[in-house]
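Q: after the sequence you'll find the predicted model.
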Amino acid sequence: MSQGKPSIMDLDRSSPGDDRVGAEGEEADMAVLDTLTEEELQEILDEEEALELLIETMPSVQHVRTVMEELTTGNAAIARRTRQAHEDMKQLREQVSELTDVLGRTREHLSHLDAQAQIATSRFSRHAVADELLSMARSADEESEACLGEMEGSEGLEGWVDRYIPLRENYHRLDLLSERVKHMAGPR
């Protein structure tokens, strides 16, 4: 390259159609070549660096580089978001697994409590309480009847009466409670 000759370095890199691709991009590239003199074209043919510089200044090449940079930047951003989404998904899966375990243990505990509640309900239902009161009333009746049979024993009448009356009162109280609870419980 001599001092007085125009150089490829002097090229105006902005030309119409910088953002065009395809046929329009080729036209813009040809327009850049049309602006060159024969000496500049010969310099491009003779010097590989000049050819590379010309190619780099072509609107279609610049457009492709811009698109590639945008794609690379976009892909990197997508990769980061995807990696973060995978990490978030992993954490969510772990949380779901922990919650599933807690739910399973809670269901087992509730099932156990439900079984206990059903046992307690059946044991302390109105019908069960009425049956228990009736059984206690029968026992009290049997005890008072046994006391009545002992009247002829060694005890005096006054001692026997003091023992018999509370037994009969207990029987009547239990029998009355049993009947009330049966009435409240309704039919079986």
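A: That came in fine, so what should we check first?

Q: for this structure, give me the ranges with low pLDDT.
A: 1-23, 152-155 (pLDDT under 70).

Q: ok, 90 please
A: 1-48, 50-63, 117-134, 140-141, 143-164, 177-188 (pLDDT under 90).

Q: starting at the chain centroid, how far to the helix or strand containing Glu70?
A: Using DSSP states H and E, Glu70 sits in helix 59-123. Relative to its parent chain, helix 59-123 has a centroid offset of 7 Å by Cα atoms, centre = their mean, to the nearest Å.

Q: output the contacting helices and strands for that helix.
A: On a contact count with 3 or more Cβ pairs under 8 Å, 6 or more residues apart in numbering; DSSP states H and E, helix 59-123 meets helix 23-34. Placement of C-beta: from N, CA and C, glycine included.

Q: can I get the helix it packs on as PDB, trimmed to CA atoms?
A: This file holds the C-alpha atoms of helix 23-34, laid out as PDB (Å, rounded to 0.1, in the frame of the first residue of the first chain):
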ATOM      1  CA  ALA A  23     -31.500 -10.100  -2.000                       C
ATOM      2  CA  GLU A  24     -31.700  -6.600  -0.600                       C
ATOM      3  CA  GLY A  25     -28.600  -7.400   1.600                       C
ATOM      4  CA  GLU A  26     -26.700  -8.600  -1.600                       C
ATOM      5  CA  GLU A  27     -27.700  -5.400  -3.300                       C
ATOM      6  CA  ALA A  28     -26.300  -3.400  -0.400                       C
ATOM      7  CA  ASP A  29     -23.100  -5.400  -0.500                       C
ATOM      8  CA  MET A  30     -22.800  -4.800  -4.300                       C
ATOM      9  CA  ALA A  31     -23.400  -1.100  -3.700                       C
ATOM     10  CA  VAL A  32     -20.300  -1.100  -1.400                       C
ATOM     11  CA  LEU A  33     -18.200  -2.800  -4.100                       C
ATOM     12  CA  ASP A  34     -19.500  -0.300  -6.800                       C
END
